[in-house]
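# Starting from these lines, generate the structure:
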Amino acid sequence: MSAPLLVDRAEGVVTVTMNRPESLNSLDVALKEALRETFLELAADAGCRAVVLTGAGRAFCVGQDLREHVAALGGDAPLDTVEKHYNPLALALAELPKPVVAAVRGAAAGAGAGLAFLSDLRIGGPSTSYLMAFARVGLAADTAVSWTLPRMVGSAKAAELLLLAEPVPAAEAARLGLLTRLVEDDEQVLPAAQELAARLAAGPTVAYGQIKRELLHGATGTLADALDVELAAQTVSGRTADHRDSTHAFVAKQKPVFHGA
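Next up, the predicted model:
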């Protein structure tokens, strides 16, 4: 059997590919655990400067593997996978201190859409579509969708997408801000995502990690809380060689070179 998750490296960019194309990359326990462990490992990997998250075949990820889930329906806690798998996975992805670009080719449904929304940037093509599929099987949202989606499209639109559970095609997704870029050909989605990740990998990755921390935590409390997060982030960033050297380069009207430290 093929591994449920593939990890490829190229000059600081790590491409993480959900590899269950026969089931449209639906999330079984093995894939959920592999994703969580991989994100935790990449967080501590100095050689990883940016991440591309994608799916093999014709879909990004259609969410929970319902065939596997059927076996849990007769138990006392049929949705214990939320606590065991989805919540830790969502935190590992959200807190990954490296830029994450999702290459969303084809369908991203349910928890699959949640993974795309937890990424920092999203590239799509003509076949890209999102579906908040939870209510279609009598469930509420998980994988942080209740947190990410209102921040991306507003609370009223988030309620519409979650309650009506209607597909969002590529052009509408781009209009709503659910895609960072929409390319003209599905075959361009992954290369475009990797190109963008390479650009980020060549940048001030410590600062990027701190920007992600500011966005994750700074808007969840008071103004004073946000200022405290910014102070901590700037303290870390300000001590880096990247900050020192790029400031000197700017003053000297030279192009900065960032090393991620």
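
# use CA for all of it now, contacts and neighbours both
Noted.

# Would you state the strands of the stretch 51-200 of the chain in chain order?
Defined through DSSP state E, counting those that start in this stretch, the strands belonging to the stretch 51-200 of the chain, from first to last, are 100-104, 107-109, 121-124, 129-131, 168-169, 181-182.

# So what's the gap between the fourth one and the chain middle?
Distance of strand 129-131 from the chain centroid (CA atoms, centre = their mean, to the nearest Å) equals 15 Å.

# that older thread, ok, and which of the strands of the stretch 51-200 of the chain has the densest surroundings?
For those, average neighbour numbers computed from mean count of other CA atoms under 10 Å are highest in strand 100-104, which has a mean of 29.

# Any stretches of this structure with poor pLDDT?
Regions of the chain meeting the criterion pLDDT under 70 cover residues 1, 74-77.

# In it, what residue spans correspond to helices?
Per DSSP state H, the chain carries helices over the ranges 29-43, 66-70, 80-81, 87-94, 111-118, 145-153, 155-164, 170-176, 189-201, 205-217, 223-238, 241-251.

# and the direction of the last one versus that of helix 205-217, what angle?
Angle, helix 241-251 to helix 205-217, by axes from the mean of the first three to the mean of the last three CA atoms, to 10 degrees: 110 degrees.

# ok, and the closest non-adjacent residue to Ala113?
Tyr130 (6.3 Å; CA to CA, 6 or more residues apart in numbering).

# re earlier: take the strands of the stretch 51-200 of the chain and write them to CSV, including distance to Gly154.
Conversion of these to CSV gives the following (distance: least, CA to CA, whole Å):
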stretch, distance to Gly154
strand 100-104, 21
strand 107-109, 19
strand 121-124, 18
strand 129-131, 16
strand 168-169, 15
strand 181-182, 20
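
# Nearest to Ala71, out of these?
Taking CA to CA as the measure, the strands of the stretch 51-200 of the chain were each checked against Ala71, and strand 107-109 came out nearest at 21.1 Å.

# helices and strands around the closest one, which ones?
Judged by 3 or more CA pairs under 8 Å, 6 or more residues apart in numbering; DSSP states H and E, the packing partners of strand 107-109 are strand 129-131.

# So Gly114 versus Glu230, what's the distance?
26 Å (CA to CA, to the nearest Å).
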